[in-house]
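> fold the following.
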Amino acid sequence: MLPHLRDSTIVLRAWLPSDAEWYACCTRDAEITRFTTDPSNLTADDVVAAINALSSNPRHEGFLVADARTGSRLGNVALEHADGTGDVSYWVAAEARGRGVARRALALLTRWAFAHLDLQVIRLWTHADNAPSRAAAERAGFTRNRSGDRLREVKGEVWPTVAYELRRRTPTAAPPPEG
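You can find the predicted model right below:
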């Protein structure tokens with residue numbers, strides 16, 4: 001069972017079948033269609049199937065991003081992980097953009113993932129033209145990894161993508177005892 005992760009503004013919670021229609025509708029938004037791997041013809045039934053698959057996949061975590069005060073749905077953040085590496089993806093619904101939602105979701109997810117999963121690095125990539133996504137990644141502490149930039153085939157198109165990563169911070173060593 002996924003935890004509820006929260007800060008003063010947002011909550012990350014498990015997806016419910018009742019969220020499926022909202023998710024499917026969001027994927028029809030021009031920015032989500034343009035910059036995510038989700039197809040624009042996704043149906044609520046497709047989303048319910050994906051939600052059900054999450055519970056049986058120990059290498060995939062998926063969260064709905066919600067407003068901490070009202071509970072209104074704001075976006076999606078997901079993490080696939082194996083062999084010490086995680087790959088994160090995210091999107092924010094049109095009505096929630098420009099409020100720091102992606103940055104906050106990335107920060108909550110990565111903090112939790114480094115504390116509870118055996119990860120050394122979390123990576124993400126975004127379309128080169130997706131300036132808001134790139135800015136959110138950087139504000140959440142991700143750094144550019146130019147060696148990961150590449151052309152990717154997505155939805156039958158070739159996308160120029162840029163890569164980012166966040167490495168687990170190693171605790172600083174305590175100073176040697178005096179004496």
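
> the helix or strand in which Val11 is found packs against which elements?
Val11 is part of strand 10-14, with elements assigned from DSSP states H and E. Secondary-structure packing of strand 10-14 (3 or more C-beta pairs under 8 Å, 6 or more residues apart in numbering; DSSP states H and E): strand 5-6, strand 60-67, helix 101-116. From N, CA and C alone the C-beta is placed, and that goes for glycine too.

> and Asp87, bridged to which residues?
Under DSSP bridges, the beta-bridge partners of Asp87 are Glu80, Arg123.

> tell me, how many residues neighbour it?
Neighbours of Asp87 under the rule other C-beta atoms under 10 Å: 16.

> ok, Phe35 - contacts?
By C-beta atoms under 8 Å, 6 or more residues apart in numbering, the contact list for Phe35 reads Trp91, Thr126, His127, Asp129, Asn130, Ser133.

> next one: phi and psi at it?
phi -120, psi 10 (degrees, to the nearest 10).

> give me the pLDDT for it.
pLDDT for Phe35: 93.

> and it, how far from Cys26?
Plainly put, Phe35 is 12 Å away from Cys26 if you go by C-beta to C-beta, to the nearest Å.

> please apply the same query to Ala102.
Distance from Ala102 to Cys26, by C-beta to C-beta: 14 Å.

> please enumerate the shared neighbours of those two.
Trp91.

> hang on, the earlier thing: sheet partners, orientation included, of the strand holding Val11?
If you go by DSSP bridges, strand 10-14 pairs up with strand 5-6 (antiparallel), strand 60-67 (antiparallel).
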